[in-house]
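Undergrad: For reference, the sequence and a predicted model appear below.
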Amino acid sequence: MKHLALVMGILGAVSLGAACSGDKHAAPIADGATQPRSGSHSGGKSTTPVPTKMQGGAGGTDGADGADGGSGGTGPVAGKGIVVTISAPSASSDPNKDDVIVTDKVTVTCSLVASGSSAKVDPSTVTLEVLDADGNPAKGIDQKALSAPGVPTGMANEYSTSFTLGSVATGVVSFRCSGKALQDAATGTATISTFVDHGPTVTAKLPEEGSAHRLKGVLPVEFTVTPAPVAAGDKGATVDGVKLQVAGVAIDDITEDPKNPGTWSASVDFEDALLFPQQPPEHTSVHIEASNVRAPKPVTAIKDYPIVVDGMGPAIAYVGPRDNAAVHGETVITFTASDSGAGLDVDTLALSISGIKDPIKFDPTQKSVWGRNGDTFTFRFDPAGLLNVDSQIIVSIRADDLAQNLTDGVTLLLYRDDQPPAIDLDPGEARVYDSQKACSAAFDPLFGALNDGDKTNVNFNLLRALVYDQANKGSGQTTLYFAGTDQGSVRMYAQPHPDQPFLIDTNADGTCDSLAREDFTYVSLRPVNGAGQLQYSKTDFATPPAIDPGGATCALRDPVQPPLTLCSNQKSDMSVVVEHDIETAAHEPIIYANGGLAEPECTGSPWDFSLIPGADDWVCFAVRATDKLGNQGISRPLRICYDSPSVPGVPACATGEPPPSCTTSCTPPPGFGPHIYHY
C-alpha cells in the first residue's frame, strides 16, 4: 500500500518553506507527501488547492480575527494547525497498477496530529466519510450518507471505522477524514481517491424474480453478464467465468449467444431425475455467479433471487353449506381457495352449478353475487332459478394457480327443499315394521287426541299434531335430504267463530296456505321424542299391507302382550311415539303436543277450551310450522264441537249441525294419510 500524506495549512504561496508575514519558521512538507498546488494566505485566510491523490490540511491564522482554513490549506500556521493523514485504504489513480477495493466492507484509518495552540484534537469531532465519484456524500441502502465518527484504534492520534460499500457504484470512490482542535477552532481535513469493484454486471431476464412456474415442463433461464470497469481501460474488469444454479442444483449446460456476447441461456427440466433426484422445494431460487480477472483477487458478482416451483393446484374447501344439505331460497356457498406456492390465479376461479349452462367466473364487481375476504369467497344464488333441477344440485369449483396448475376439483352436493312440513291434527292410521319386516297392528299416531268432528262438553281436552317434514324428490331418487322442522315454530291456533275467515289462500293457487290474521289464540307445541313399544297382532289385518312401492309386505307375527303405556305413572294414553322414518332424519320428532312433557303429563297437557274467547259451538283449530329453511306449512282444519259448561243451552253443533269448512274460498291442505313407518 502506498503511503501518501499531505501537510496542509502552510501559509504563503511563493515557495515551499516560505512563510507569510509574521511567521518566524517555514512549515515543511511531510516526508512522502504528494505536493499540492499552492494555496494563498491573506489576512489570515487560506484558499483551497486542487489535490492530486491526497489532500490534507490545517487551517486558520495566528491572528485573532483570522478564519479557519478549510480542506486543502497549504500548511500549519505557527502556533496553530492539524495535520490529517489517511493511511488506509491506499489512494489509487490507475486500476491496472494500483490497488482496488474488491470487498464490500472496508476499514478506513486516519491520524490527526495537532500542533501549537491546537495541541490536542477533539476526538468527538473526528469524522470519516465515503464520497461518490462526483465527490458528494455517498448514500447507503437506507439513503443516508455514509458517515461515521472515528473510533480510536489504540495507536496515538489514530482513528478508524468500517463502511459497507455494497450500495456504492462500481468505479471511483473517495474517503474523507476531518476533525477539530480541542482548544481553538482549528480544523483539518484529508481526502483520498481510489476505486471499488463489485464485479461484472449480472442482469436476470428469465425467469423473473418472484415468478411462479409449473413443476412439469422446462424452465427457460436467460441472463446477461457484462464487464463493469472501474475506469477507462480497466483490464481487470474482463469477464472470466459464469456459473448457474437453479433450486440449489448446478446447471452446467449454459451457453453464450454467439450473436449477442454476454447473453447466456439454459433450459432446466425439473422432471430430470438425474438432475433433480429430489423434487425441488416450492420456494426456491436462481443463483448466478460471474467473475472478472482482477488481480491479485478476482471479484465475483452474485445474483440470487427467489422463484416458485409449484406442482400442485390451489387448495379449495367448502365452508358451507355442508355436503348433502337441503337448500331453499337465497343460498350462500362459502368456500376457501388458496395456494401456498405460486398463489391463486383469481382470474381463473369459476364455479359451476347444475341448471346453469356456463361456469360462473369470480367477479368482485358483482357484489350482490360474489364476496371475498382474503382466501374466503362467497357466492349467492336461488335454486328456484335453476333449469331442470328438481332436487339434486351439483356445485363444483375450479381454479388455476399462477403457475397454471389446475386444482383437482371439489364437488358439493346440495338438495332443493321447497316443500313445507306436512301437518295434520287427525292423521291416518299408522303401522310400523321392524328390521325383520314384522308389521305392527294399526294405531292412531296421536292416540287419545281429539279427532276431526269430535264433540266435547269438558274444558280440558287432548290436542296433538303430527308434523312431518318433506323435501323435493327427483325422478329415481331413493334417498331424500331435507331441512328438518324448526321445532320452535309449531303453533296450534283456534278460531271460535267459523263464520269468520280462518284459513286463506295467499298465492292464488287455490289451496289454503296461511291464517287470515295473526291474533288468534294459540299455544306453542313441543316435540315428543320417540319412545314406547308396539302391539303386534295377526288378527289386525287380513292381508299384510304393502310397505314400499316394490310390493313388499309386512310379515305376520305372533301376538304379544299389549305394551305398557308411556310415563312412569302409567297414566298416558300413548304406548308408542313414532318418529320421522327417513334415513337422513334420524330421531327427527314428528309428534307435537301442548307443553307439560315432563311427569306426570309426559306426552302433553290438555288444552283448556275455556280460554278460547266466545267458544260454544264449532271451534276451528289449525297448526302452522316451518322447516329450518323457512318453508311454511299449515294443517287442514280440525273442527271440534264444544259445548261450553259455562254457557246455558245446547249449541247447534251438538244437535246435528254439520261442521263448517273453516276456510275462505280455498281448498284445505291435504291430510297426512295412513303411513307405514320403517324402523
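TA: Perfect, I can see it now.
Undergrad: Grab the nearest non-local neighbour of residue 155.
TA: Leaving aside its sequence neighbours, residue 155 sits nearest to residue 111 (C-beta to C-beta, 6 or more residues apart in numbering; 7.8 Å). For glycine as for every other residue, the C-beta is placed from the backbone atoms N, C-alpha and C.
Undergrad: quick check: mean pLDDT across the helix or strand hosting that neighbour?
TA: Following DSSP states H and E, one finds residue 111 within strand 105-116. Strand 105-116 shows a mean pLDDT of 92 in the predicted model.
Undergrad: same question, stretch 253-267
TA: 95.
Undergrad: Check stretch 419-434 too.
TA: Stretch 419-434 shows an average pLDDT of 92 in the prediction.
Undergrad: for residue 595, phi and psi?
TA: Main-chain torsions, residue 595, degrees, to the nearest 10: phi -50, psi -170.
Undergrad: count of neighbours near it?
TA: Residue 595: 12 surrounding residues under other C-beta atoms under 10 Å.
Undergrad: Would you mind measuring from it to residue 518?
TA: Residue 595 is 21 Å from residue 518, where distance means C-beta to C-beta, to the nearest Å.
Undergrad: try residue 135
TA: Distance from residue 135 to residue 518, by C-beta to C-beta: 91 Å.
Undergrad: quick one, which of those two is more surrounded?
TA: residue 135 (12 against 8).
Undergrad: Bridge partners for the nearest residue to residue 342 once chain neighbours are set aside, pull those for me.
TA: For residue 342, ignoring the flanking residues on the chain, the nearest one in space by C-beta to C-beta, 6+ apart is residue 212 at 3.1 Å. Beta-bridge partners recorded for residue 212 (DSSP bridges): residue 308.
Undergrad: I'd guessed residue 212 sits against residue 312; true?
TA: No. Under the criterion of C-beta atoms under 8 Å, residue 212 is not in contact with residue 312, lying 11.7 Å apart.
Undergrad: Look at the residue nearest to residue 342 and say how many residues are nearby.
TA: Going by other C-beta under 10 Å, the residues that sit close to residue 212 add up to 21.
Undergrad: Check what pLDDT it gets.
TA: Per-residue pLDDT puts residue 212 at 89.
Undergrad: May I ask which helix or strand encompasses residue 81?
TA: In this assignment (DSSP H and E), residue 81 forms part of strand 80-88.
Undergrad: Which other helices and strands does that strand contact?
TA: Other elements packing on strand 80-88 under the criterion 3 or more C-beta pairs under 8 Å, 6 or more residues apart in numbering; DSSP states H and E are strand 105-116, strand 171-180, strand 187-196.
Undergrad: Output the first one as PDB - backbone C-alpha positions only.
TA: The C-alpha atoms that make up strand 105-116 are tabulated as PDB, following Å, rounded to 0.1, in the frame of the first residue of the first chain:
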ATOM      1  CA  LYS A 105     -16.600  -3.900   3.600                       C
ATOM      2  CA  VAL A 106     -13.700  -1.600   4.000                       C
ATOM      3  CA  THR A 107     -12.000  -0.100   7.100                       C
ATOM      4  CA  VAL A 108     -10.800   3.500   6.800                       C
ATOM      5  CA  THR A 109      -7.900   4.600   9.100                       C
ATOM      6  CA  CYS A 110      -6.600   8.100   9.600                       C
ATOM      7  CA  SER A 111      -4.400  10.100  12.000                       C
ATOM      8  CA  LEU A 112      -4.900  13.600  13.200                       C
ATOM      9  CA  VAL A 113      -1.900  15.500  14.700                       C
ATOM     10  CA  ALA A 114      -2.300  18.900  16.200                       C
ATOM     11  CA  SER A 115       0.500  21.500  16.900                       C
ATOM     12  CA  GLY A 116       0.900  24.700  18.600                       C
END
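Undergrad: by how many degrees do it and strand 171-180 diverge?
TA: For strand 105-116 against strand 171-180, the angle by axes from the mean of the first three to the mean of the last three C-alpha atoms, to 10 degrees is 30 degrees.
Undergrad: which outside residues touch the helix or strand following strand 105-116?
TA: Once the chain leaves strand 105-116, the next helix or strand it forms, by DSSP H and E, is strand 127-131. Residues outside strand 127-131 that contact it (C-beta atoms under 8 Å, 6 or more residues apart in numbering): 108, 110, 137-138, 145-150, 159-161, 163, 165, 168, 173-179, 191.
Undergrad: Confidence-wise, which helix or strand of this structure is lowest on average?
TA: Using mean pLDDT, DSSP states H and E, the weakest-scoring helix or strand in the chain turns out to be strand 41-42, at a mean of 29.
Undergrad: got any ranges where this structure has weak pLDDT?
TA: Filtered on pLDDT under 70, the chain yields the residue ranges 1-80, 117-118, 534-544, 547-551, 556-564.
Undergrad: Let me see the domain layout of it.
TA: Using automatic domain parsing, the domains assigned to the chain come out as 41-196, 201-310, 315-416, 420-679.
Undergrad: Could you say which of those domains is packed most deeply?
TA: Mean neighbour count, computed with mean count of other C-beta atoms under 10 Å, is highest for domain 41-196 among the domains of the chain, reaching a mean of 20.
Undergrad: Give me the phi and psi angles of residue 583.
TA: phi -50, psi -40.
Undergrad: I figured it hits residue 479, correct?
TA: Yes. If you go by C-beta under 8 Å, residue 583 and residue 479 touch, sitting 6.4 Å apart.
Undergrad: partners of the strand holding residue 111, with directions?
TA: Here, using DSSP bridges, strand 105-116 pairs with strand 80-88 (antiparallel), strand 158-164 (antiparallel).
Undergrad: so the first one versus strand 127-131, what angle?
TA: Just to be clear, that refers to strand 80-88. Going by the same axes, to 10 degrees, strand 80-88 makes 50 degrees with strand 127-131.
Undergrad: Over to the last one?
TA: For strand 158-164 and strand 127-131, the angle between their directions (the same axes, to 10 degrees) works out to 40 degrees.
Undergrad: Please tell me how far strand 158-164 is from the chain's geometric centre.
TA: When distances are taken as C-alpha atoms, centre = their mean, to the nearest Å, strand 158-164 is centred 47 Å away from the chain's centroid.
Undergrad: what kind of secondary structure is residue 584 in?
TA: Classification of residue 584 using DSSP: H, G, I helix; E, B strand; the rest coil returns helix.
Undergrad: Tell me who's in contact with it.
TA: 324, 479, 480, 481, 482.
Undergrad: Which one of those residues is nearest to residue 567?
TA: residue 482 (30.7 Å; C-beta to C-beta).
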